[in-house]
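K.L.:
Predicted model and sequence follow; I will ask about them next.
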Amino acid sequence: MARFTLPRDIYHGKGSLDALKSLTGKKAIVVVGGGSMKRFGFLDKAVAYLKEAGLEVSLFEGVEADPSVETVMKGAEAMRKFGPDWIVAIGGGSPIDAAKAMWAFYEHPDITFDSLTVPFSFPTLRTKARFCAISSTSGTATEVTAFSVITDYHKGVKYPLADFNITPDVAIVDPALAETMPPKLTAHTGMDAITHAIEAYVSTLNCDYTDPLALHAVKMVSRYVVDSYKGDLEARARMHNAQCLAGMAFSNALLGIVHSMAHKTGAAYSGGHIVHGCANAMYLPKVIRYNSKDKIAAERYREIASFIGLPASTAAEGVDSLIAHIRKLNKSLDIPNSIKDYEGGIINEKEFLEKLPKVAELAVGDACTGSNPRSITPAVMEKLLLACYYDKEVDF
């Protein structure tokens, strides 16, 4: 038996933020990030709509990029003091992911973070509150997914938390919020979205319910991401829908080792973080090549290539075409091909090599590895990460 889970309601289209006026309850806590939602007026609008719905509103502000365990705990404590029956998270993936984890600790104060890192092990939620997610970026799709990514900075590890319990009850996908994204964020989130769709389509848990969503998302991102990056607002709106479709697909089909690698390299190095979407963009061509040694995966990649109009008369041609397509998108979006070239070389080669065995081991153990179409060992993962660092082709 398989399962397909989505939010109860998805409001989409420009102006859909006013769906907050339809929420029924007594208290809502709004979780928000670093200030862009306030700066562009969306936070004030959200609060006004909630008050119009008759809810008392409290704010938890300042969730950082790559939210920490500590922030999650502070937010959960604020929720316990206020007692909301709605948790409303607005912004990019970070405040929404943080709020999902806060939700678990609000309703179950005695659980541990370590227990939540075990996939699909969350306790039952909705005993105290329901969850509304409002996305401002076009990539993570966390507004419709069963996932949250939280960073333990003491360990230097990003943990993907996975459980259908944390799929939001209500998602608001209003492209007006996405219009505020700067170009680099637009590029990185766009490539995050296409990675979600591609990994979902080749996942071992793909199915008839997820495949159409994944394929259409790949087609939409391929068509609109570059124009969105250049500032075209119609393309930006279409990308906001595309990333949501990709999220619906991967939340149910799960992901693969592109994400395993991105999670475990993201916060591992002292020179700085590797932004998640950029990491996915750099790693995806290498992982497609690695996975294509599996005949079923190779055929699935051929199907993707064919669907978006690339040469794909054979599996090998489809794989080559898809890799070339991803590299072309990366080039158009000013995304480097290698970790070595990331942000002018902030990831030190010596440190990368020293940490390689441990990072590879952690990546193999990541929650996303289990649904990758081809198995991998820590030793092979080291080779794959080296190929990503130097942008070298390796025959795996």
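P.N.:
Noted; the coordinates are in hand. The structure displayed is predicted, hence computed values, not measured ones. Numbering: from 1, shown residues only.
K.L.:
what's the span of stretch 13-33 from first residue to last?
P.N.:
23 Å (C-alpha to C-alpha, to the nearest Å).
K.L.:
can you start the count at 4 instead of 1 from here on
P.N.:
Got it, first residue is 4 now, which makes that one stretch 16-36.
K.L.:
Report the rounded mean pLDDT for that stretch.
P.N.:
Averaging pLDDT along stretch 16-36 gives 97.
K.L.:
so how far is that stretch off the chain centroid?
P.N.:
22 Å (C-alpha atoms, centre = their mean, to the nearest Å).
K.L.:
do stretch 218-235 as well
P.N.:
17 Å.
K.L.:
pLDDT on it, on average?
P.N.:
In the prediction, stretch 218-235 has an average pLDDT of 98.
K.L.:
Tell me which residues are up against it.
P.N.:
141, 186, 189-190, 193-194, 196-197, 199-201, 204, 238-239, 241-242, 244-246, 248-249, 252, 306-307, 310-311, 328, 332, 335-336 (C-beta atoms under 8 Å, 6 or more residues apart in numbering). C-beta here means a position set from N, CA and C on the backbone, and glycine is covered the same way.
K.L.:
per-domain residue ranges of the chain.
P.N.:
12-181, 186-393 (automatic domain parsing).
K.L.:
To residue 4, which of those lies closest?
P.N.:
Residue 4 lies closest to domain 186-393 among the domains of the chain, at 11.4 Å (C-beta to C-beta).
K.L.:
From one end of the closest one to the other, what's the distance?
P.N.:
Using C-alpha to C-alpha, first and last residues of domain 186-393 are 26 Å apart.
K.L.:
just stretch 288-305 next, same as before
P.N.:
Per C-alpha to C-alpha, stretch 288-305 runs 14 Å from first to last residue.
K.L.:
next one: stretch 152-168
P.N.:
Taking C-alpha to C-alpha as the criterion, the two ends of stretch 152-168 lie 15 Å apart.
K.L.:
what's next to that stretch, contact-wise?
P.N.:
6, 8, 69-72, 75, 96, 100-101, 103-104, 107, 116, 119-120, 122-129, 149-151, 257, 262, 266-267, 269-271, 279, 365, 369-371.
K.L.:
And for stretch 181-192?
P.N.:
Under C-beta under 8 Å, 6+ apart, the answer for stretch 181-192 is 39, 43, 95, 138-143, 228, 231-234, 236, 239-240, 242-243, 246, 278-281, 284, 336-338.
K.L.:
Quick check: buried residues in it?
P.N.:
Neighbour counts using 16 or more other C-beta atoms under 10 Å place 181, 182, 183, 184, 188, 189, 190, 191, 192 of stretch 181-192 among the buried residues.
K.L.:
re the thing from before, return a ChimeraX selection command for the buried portion of the contacts of stretch 218-235.
P.N.:
Only the buried entries of those go into this ChimeraX selection, using 16+ other C-beta under 10 Å:
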select :141,189,190,193,194,196,197,199,200,201,204,238,239,241,242,244,245,246,248,249,252,306,307,310,311,328,332,336
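K.L.:
Would you map the helices across the stretch 54-203 of the chain?
P.N.:
Taking DSSP state H, counting those that start in this stretch, the helices of the stretch 54-203 of the chain run over residues 72-85, 96-110, 116-119, 178-181, 186-205.
K.L.:
Select, out of those helices, the one closest to residue 342.
P.N.:
helix 186-205 (14.6 Å).
K.L.:
before we move on, back to that, which among the contacts of stretch 181-192 count as buried?
P.N.:
39, 95, 138-143, 228, 231-232, 239-240, 242-243, 246, 278-281, 284, 336, 338.
K.L.:
out of these, which are inside strands?
P.N.:
residue 138 (DSSP state E).
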